[in-house]
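Trainee: No letters, just coordinates:
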């Protein structure tokens, strides 16, 4: 997966994944390739700027990045190919998708009530992004990767 990054808010000069806060959830933006990232950039009206990103395994996003971002106190999920409408994918913060300890529907979690058991894990769905959505870096160091779509890597 390609994960756009920016400077983290923390000290130390690290980079953080680009996130969007929507519906009480912090969503990590991830893309299946440079073309999908470029479509997102164009949809935001920012197709002419460089979009640095990191290459990350999908499992690492769900098993490591989501819990790290969720430490901010907000549930965290992943939006894959956010500008692609019905072809995009929503990986919500629910049991069976993200680690149980950060899932909103875990037993004793924020989405459960006493005596209730979690329902089946929500299946991934689609996301129709709006070009005006606010996106900001979230608190996570990412592994090294390449520079933005259609751009030469800076040296």
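Mentor: Now that the structure is in, tell me what you want to look at. In this text the structure is predicted, and so the values were computed from the model without any measurement.

Trainee: how about stretch 56-65: buried residues?
Mentor: 56, 61-62, 65 (16 or more other CB atoms under 10 Å). For the C-beta atoms, the positions are set from N, CA and C on the backbone; glycine is no exception.

Trainee: swap that for stretch 37-55, please
Mentor: So, applying 16+ other CB under 10 Å, buried residues of stretch 37-55: 37-41, 43-44, 51-54.

Trainee: In which helix or strand does residue 27 reside?
Mentor: In this structure, residue 27 sits in strand 25-30 according to DSSP states H and E.

Trainee: Contacts for that strand, please.
Mentor: Outside strand 25-30, the residues that touch it by CB atoms under 8 Å, 6 or more residues apart in numbering are 1-4, 17-21, 40, 56, 58, 61, 65-66, 69-70, 72, 74-82, 92-93, 135, 138.

Trainee: Name every strand pairing with the lengthiest strand in the chain and say which way it goes.
Mentor: If you go by DSSP state E, the chain has its longest strand at strand 15-22. Using DSSP bridges, strand 15-22 pairs in its sheet with strand 2-7 (antiparallel), strand 25-30 (antiparallel), strand 136-137 (antiparallel).

Trainee: Quick one: closest of those to residue 87.
Mentor: Set against residue 87 and scored by CB to CB, the strands paired with strand 15-22 come closest in strand 25-30, at 14.0 Å.

Trainee: Least confident secondary structure element in the protein?
Mentor: strand 136-137 (a mean of 43; mean pLDDT, DSSP states H and E).

Trainee: Which members of the buried residues of stretch 56-65 are positioned in helices?
Mentor: Judged by DSSP state H, helices contain none of the buried residues of stretch 56-65.

Trainee: Farthest-apart pair in those residues, please.
Mentor: By the measure CB to CB, 56 and 62 form the most distant pair in the buried residues of stretch 56-65, at 10.1 Å.

Trainee: which stretches of the chain have low pLDDT?
Mentor: Applying pLDDT under 70 to the chain flags residues 9-13, 109-155.

Trainee: Try it again at 80.
Mentor: 7-14, 108-155 (pLDDT under 80).

Trainee: and the longest helix anywhere in the chain, what other elements does it pack with?
Mentor: Longest helix in the chain by number of residues (criterion: DSSP H): helix 34-43. When contacts are defined as 3 or more CB pairs under 8 Å, 6 or more residues apart in numbering; DSSP states H and E, helix 34-43 packs onto strand 2-7.

Trainee: which of the residues in the strand it packs on are buried?
Mentor: Going by 16+ other CB under 10 Å, strand 2-7 has these buried residues: 2-6.
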